[in-house]
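**Q** sequence? don't have it. structure:
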DNA sequence: ACTGTAAACTTTACACTGTAAAAATCAGAG
DNA sequence: CTCTGATTTTTACAGTGTAAAGTTTACAGT
């Protein structure tokens, strides 16, 4: 093994990736509670103790899955943002729509991502190429950051709003989801709070 | 037992309440992962199978704890709202502050409450006397509901915003919590999004 | 006072989970 | 080919949820 540092173990092609993939499948098929080390191993066709050499316990597996989920999340956000209107407001709206879509289409994975602690753990790795999911939000919010202002303000406003809506939506707070494909009529009114985003910090 | 239908079992005074209390203690001391049927039973001083007669499995125990937590949540919201300015905007702001405070002071309980599914399960019981936690939000938002408008719009706007902020805060997204008692400087800017709440649905 | 009955609780048992250690297997270097 | 180290399996054990049977308790009826 001199030039290519590709992880090419013997038996299994790439067990680590296979385990993460199995985990995501279990997650989407059977929910968060069903994500188990042993089931993951069984699905990947290895013994129940095999994952121990690739992840630090079940927490490590969850973190690895969350990291992969975060990457997919970012891809979906990029795609959603590119699909809509390209003015600054339209980009934010499309981004939030993608955010909600991802949460609804991958509820277990979405929940896992945001229950893995500080989250900085997998952001840090990607921040080297500053292509993290948070970076997408930052880009999209940039046009609304007042000169000299902290970008974190607008970012937190947008993130809190869409994240809260998505979370409450998943929690089933707004009545049982009727299964309508155009997710919920409350999305637009909630997003309307961003109407005057980036305005000087007038007193409330 | 003729006149008082008080539940006065033989052995234990009121095991169900004791188990819920033990559960909340475990929750606040050791976090969500540590909340276990057997540990709960041990803490209450009964055998590990005793809870089965009071709750429907571990999910039932969690639901019961969530219900109690919801009641405490409501109390703290009422208290916070009463403590601040009494104009409509001030009441909303104080309510949200209480919301955030509760989440920060009881992270495990707060997380449990909002991960117990549809949440309608324990709201329904209380809705008879319409004294649910959601009722507090509804009252506080009422002054901003335009005539003929659906109250759900304003309620969802406020709830999404504060819930998302609290959740991201707990997830440790905004950098590690520095332990400052005045929770976070981002609270006010985020709440500023509610500046023109209740305005006619102008196009975004 | 005594028994009967239903509820609460305990005991016992089993399947499943995470984790750790030892044993077996395999890829590649020398 | 043999050796070495990483990978995987085997084996074992503690903790968890759940179900069934057995035990204790409170209370009603005679």
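**A** Here it is on my side, so go on. Keep in mind that what you see is a predicted model, and the values were worked out from it rather than measured.

**Q** contacting residues for residue A:96?
**A** Applying CB atoms under 8 Å, 6 or more residues apart in numbering or on different chains to residue A:96 gives the contacts A:158, A:161-162, A:191. Every residue, glycine included, has its C-beta placed from N, CA and C.

**Q** and it, what element?
**A** Here residue A:96 is covered by helix A:88-105, with elements defined by DSSP states H and E.

**Q** Could you check how many residues crowd around residue A:36?
**A** Burial of residue A:36 is recorded as 16 neighbouring residues (other CB atoms under 10 Å in any protein chain shown).

**Q** Quick one: low-confidence residue ranges for chain A.
**A** Residue ranges of chain A with pLDDT under 70: A:1-12, A:117-131, A:174-183, A:200-204.

**Q** how does it look with 90?
**A** Scanning chain A for pLDDT under 90 picks out the ranges A:1-13, A:115-135, A:171-184, A:196, A:198-204.

**Q** coming back round to it: tell me what the helix or strand following the helix holding residue A:96 is packed against?
**A** For helix A:88-105, the succeeding helix or strand toward the C-terminus, using DSSP H and E, is helix A:107-113. Helices and strands touching helix A:107-113, by 3 or more CB pairs under 8 Å, 6 or more residues apart in numbering or on different chains; DSSP states H and E, are helix A:15-30, helix A:57-83, helix A:151-170.

**Q** Ok, which of those helices comes nearest residue A:45?
**A** Among the helices and strands packed on helix A:107-113, helix A:15-30 comes nearest to residue A:45, with 8.1 Å by CB to CB.

**Q** just checking, what packs against that closest one?
**A** Using 3+ CB pairs under 8 Å, 6+ apart: helix A:15-30 touches helix A:37-44, helix A:57-83, helix A:107-113.

**Q** Can you add distance to residue A:198 and mean neighbour count and give those back as CSV?
**A** Below are the helices and strands packed on helix A:15-30 laid out as CSV (distance: least, CB to CB, whole Å; neighbours: other CB atoms under 10 Å in any protein chain shown):
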stretch, distance to residue A:198, mean neighbour count
helix A:37-44, 44, 18
helix A:57-83, 18, 18
helix A:107-113, 27, 21
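
**Q** As TSV, the ones you listed with distance to DNA strand D would be great.
**A** Formatted as TSV, these follow (distance: least, CB to the nearest atom of the strand, whole Å):
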stretch	distance to DNA strand D
helix A:37-44	7
helix A:57-83	12
helix A:107-113	19
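
**Q** domain ranges for chain A?
**A** A:12-55, A:69-196 (automatic domain parsing).

**Q** quick one: which of the ones you listed is nearest residue B:44?
**A** Nearest of the domains of chain A (CB to CB): domain A:12-55, 24.7 Å.

**Q** That closest one vs DNA strand C: in contact?
**A** Yes. Counting by CB under 7 Å from any atom of the strand, DNA strand C has neighbours in domain A:12-55: A:36-39, A:48-49, A:52.

**Q** repeat for stretch A:59-77
**A** Yes. Taking CB under 7 Å from any atom of the strand as the criterion, stretch A:59-77 and DNA strand C are in contact, through residue A:59.

**Q** Other residues contacting that stretch?
**A** Counting by CB under 8 Å, 6+ apart, A:16, A:19-20, A:23-24, A:27, A:35, A:37, A:40, A:51, A:54-55, A:95, A:98-99, A:101-102, A:106, A:109-110, A:112-113, A:116, A:121-123, A:125-126, A:131-133, A:136-137 sit against stretch A:59-77.

**Q** and it, how far out from the chain's middle?
**A** Stretch A:59-77 sits 6 Å away from the centroid of its parent chain (CA atoms, centre = their mean, to the nearest Å).

**Q** Likewise for stretch A:110-118?
**A** That offset, for stretch A:110-118, works out to 9 Å (CA atoms, centre = their mean).

**Q** can it be found next to DNA strand C?
**A** No. No part of stretch A:110-118 sits near DNA strand C under the criterion CB under 7 Å from any atom of the strand; the closest distance found is 13.1 Å.
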